[in-house]
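Got a predicted model here, sequence first, then my questions.
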Amino acid sequence: MPGLLKLPSRNRNYDSIHYLCTVKFLDDSEALSVTYQRDTKGRFLIDYVCSSIDLLEKDYFGLKYTDADKQECWIDPLKSIYSQLKGISNPLLFFHVKFYPEDPSVIKEEITRYQLFLQVRKDLEENRLICSLQDALLFSAYIVQGRDNLPYSASPPSLTHQPSSPAWKYILYVKLPSSLKGYEENIYQLHRKLKGMKPAEAEFNFLKKASTLPSFGIDPYIVQDIKGDQLYLTVTPQGIVSFVDNQATNTYYW
């Protein structure tokens, strides 16, 4: 049954009218269906979603959606949900980290740290976390070490040929960036060095390393320079930063 967000309406005509939206979580678990009224503010929806996963440190998180103009937007906590989702058929929202802490150690709750880990892991998978190949391999080894906190495939796909190395298991049980296809053996060798490290420790080390990268917590845009070469541009609090070959090359300050 969908959760219900209900507030006193100033207009009785809207008291019995409810709207439905769906929220997807970072761990790809079962989506949350929520009904709301015309005057329900975004803050109530964000709080409700956070409370559904027992998350107390809510200020790091938000809800993303694609509006009627196909633009990605954040739910504004001060505006009504209805005004923001109006015109969208079957609105789908995504629970997302909105503010990335510069130092992951400031996070107090383990559940908060885990959600941040899931987000940065997704950033790596979707090539938003720009890094060197060696860093990507190390990140993947940490992901594998933290696999006890990650969902396993109920029925892993069968392989026509299973390599003698245990590295093939990573393909089945842990989603790795597509750019690392063929590097499973390298990840396996790095993972062996992490023997004895607890999953929570692996997640923290993953975040600690990721937080040192210039691309941590930002969304890069692929562009071409005047020579036709591909590079990334990202918007940061300091200004616009360009990346070439996984390295920050220039900062254009505000």
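Alright, I've got the coordinates.

drop to CA atoms for contacts and neighbour counts, all remaining ones
Noted.

Residue 24 contacts residue 96, correct?
No. Contact between residue 24 and residue 96 fails when scored by CA atoms under 8 Å: they sit 9.2 Å apart.

Would you map the helices across the stretch 101-250 of the chain?
Assigned helices in the stretch 101-250 of the chain, in chain order: 110-125, 133-145, 168-173, 184-192, 199-210 (criterion: DSSP state H, counting those that start in this stretch).

Residue 230 is nearest to which of those helices?
helix 133-145 (17.7 Å; CA to CA).

Can you name the residues in contact with the closest one?
With CA atoms under 8 Å, 6 or more residues apart in numbering as the contact definition, helix 133-145 has outside contacts at 121, 124, 170, 174, 176, 180, 183, 186-188, 190-191, 194, 197-199, 202-203, 205-206.

so which of the helices of the stretch 101-250 of the chain gets nearest residue 42?
Nearest to residue 42, of all the helices of the stretch 101-250 of the chain, is helix 110-125, at 20.5 Å by CA to CA.

what about stretch 61-80, start to end distance?
Stretch 61-80 has its terminal residues 18 Å apart, counting by CA to CA, to the nearest Å.

which parts of it are buried?
Neighbour-count burial for stretch 61-80, counted by 16 or more other CA atoms under 10 Å, picks out 61-67, 74-77, 80.

ok so, going back, by mean pLDDT, show me the worst of the helices of the stretch 101-250 of the chain.
For these, mean pLDDT drops lowest on helix 168-173, to a mean of 62.

for this protein, what spans make up the strands?
If DSSP state E is used as the criterion, the strands of the chain fall at 3-5, 19-24, 32-36, 61-66, 72-74, 92-97, 221-224, 230-235, 239-244, 247-253.

Could you figure out how far the longest one is turned away from strand 239-244?
The reference is to strand 247-253. Here strand 247-253 runs at 160 degrees with respect to strand 239-244, directions being taken by axes from the mean of the first three to the mean of the last three CA atoms, to 10 degrees.

so what does strand 247-253 touch, helix or strand wise?
Packing partners of strand 247-253 (3 or more CA pairs under 8 Å, 6 or more residues apart in numbering; DSSP states H and E): strand 239-244.

What strands flank the strand it packs on, and is each parallel or antiparallel?
The partner list of strand 239-244 in its sheet, established with DSSP bridges, is strand 230-235 (antiparallel), strand 247-253 (antiparallel).

Please list the outside residues in contact with stretch 122-132.
Surrounding stretch 122-132, the residues in contact under the criterion CA under 8 Å, 6+ apart are 120, 136, 175-178, 213, 215-220, 246-247.

Please name whichever of the helices of the stretch 101-250 of the chain is nearest to residue 234.
Among the helices of the stretch 101-250 of the chain, helix 110-125 comes nearest to residue 234, with 13.8 Å by CA to CA.

in that closest one, what counts as buried?
Buried-residue list, helix 110-125, by 16+ other CA under 10 Å: 112-125.

How about residue 64: what's its closest non-neighbour residue?
By the measure of CA to CA, 6 or more residues apart in numbering, the closest residue to residue 64 outside its immediate chain neighbours is residue 74, 4.6 Å from it.

thinking the one you found is in contact with residue 63, fair?
Yes. With contact defined as CA under 8 Å, residue 74 reaches residue 63; the gap is 5.7 Å.

would JSON lines of the strands of the chain with distance to residue 47 and mean pLDDT be doable?
Written out in JSON lines, the entries for the strands of the chain read as follows (distance: least, CA to CA, whole Å; pLDDT from 0 to 100):
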{"stretch": "strand 3-5", "distance to residue 47": "10", "mean pLDDT": "62"}
{"stretch": "strand 19-24", "distance to residue 47": "13", "mean pLDDT": "96"}
{"stretch": "strand 32-36", "distance to residue 47": "12", "mean pLDDT": "96"}
{"stretch": "strand 61-66", "distance to residue 47": "9", "mean pLDDT": "97"}
{"stretch": "strand 72-74", "distance to residue 47": "14", "mean pLDDT": "94"}
{"stretch": "strand 92-97", "distance to residue 47": "11", "mean pLDDT": "97"}
{"stretch": "strand 221-224", "distance to residue 47": "31", "mean pLDDT": "76"}
{"stretch": "strand 230-235", "distance to residue 47": "28", "mean pLDDT": "74"}
{"stretch": "strand 239-244", "distance to residue 47": "31", "mean pLDDT": "76"}
{"stretch": "strand 247-253", "distance to residue 47": "35", "mean pLDDT": "75"}
